[in-house]
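In: Quick one: sequence plus predicted model below, questions after.
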Amino acid sequence: MQLNELKSRLSSPLNPEIKLDEQYRLASILVVIYGDEPIVVMTEKPKHMKFHAGEISFPGGKLDPEDSNLLETALRETSEELGLTITKDQVIGQLEPVVTLNSGFLILPFISVVKEIPVLSPNAEVEEILHIPLKSFLKTQAKDADPDHNLIQEMYTFEYQNQIVWGASARILKQIQDCL
């Protein structure tokens, strides 16, 4: 699949505001897809982190009081975590919000599809940056059979180099897969 087709299928109107459900804290992430053979950028969190330690996720984080909206949060967090500056005009759409079942976040995912990205430089919130071929990655989708994972929502897993992507990140990938 070419970048232009990806852009077409993943484009949607942006609405970076969400009504806060009192049981969740607001957060957002940015799905960055780049290259002629589309690559998705994900991160592995350090094992010492308070939330989501060792998990594979997208760059992003919680809404800060200084952020004007959740899109600004996603762009700020991507810049902080990866040293990657994505502008608002490079964001082509958003997906449906997802919740983290253990840490209580309501996450609004945004999507950016760009031709290329510079060399990335992770901060302390990132153990490793993963550049994952999108097409083959999405083919690894399976139902999450782990009985320890709370089954409030449909759960999926994806696999890359013997690492399992699950939870909110997997539900975001499933939305991308459904669009494609």
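Out: Sure, I can see it. Residues are numbered from 1 along each chain as shown.

In: tell me which helix or strand of this protein sits lowest on mean pLDDT?
Out: One helix or strand of the chain scores below all others by mean pLDDT, DSSP states H and E: strand 142-143, with a mean of 76.

In: That strand pairs with which strands, and in what direction?
Out: According to DSSP bridges, strand 142-143 has the following sheet partners: strand 156-160 (antiparallel).

In: mean confidence for the helix or strand following the strand it pairs with?
Out: Using DSSP states H and E, the helix or strand that follows strand 156-160 in sequence is strand 163-165. Strand 163-165 shows a mean pLDDT of 87.

In: List the buried residues in the next helix-or-strand element following strand 163-165.
Out: Scanning forward in sequence from strand 163-165 by DSSP H and E, the next helix or strand is helix 167-179. Neighbour counts over helix 167-179 (16 or more other Cβ atoms under 10 Å) mark 167-176 as buried. For the C-beta atoms, the positions are set from N, CA and C on the backbone; glycine is no exception.

In: and those as JSON lines, adding distance to residue 135?
Out: Shown next, in JSON lines, are those (distance: Cβ to Cβ, whole Å):
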{"residue": "167", "distance to residue 135": "22"}
{"residue": "168", "distance to residue 135": "22"}
{"residue": "169", "distance to residue 135": "18"}
{"residue": "170", "distance to residue 135": "17"}
{"residue": "171", "distance to residue 135": "19"}
{"residue": "172", "distance to residue 135": "17"}
{"residue": "173", "distance to residue 135": "12"}
{"residue": "174", "distance to residue 135": "15"}
{"residue": "175", "distance to residue 135": "16"}
{"residue": "176", "distance to residue 135": "11"}
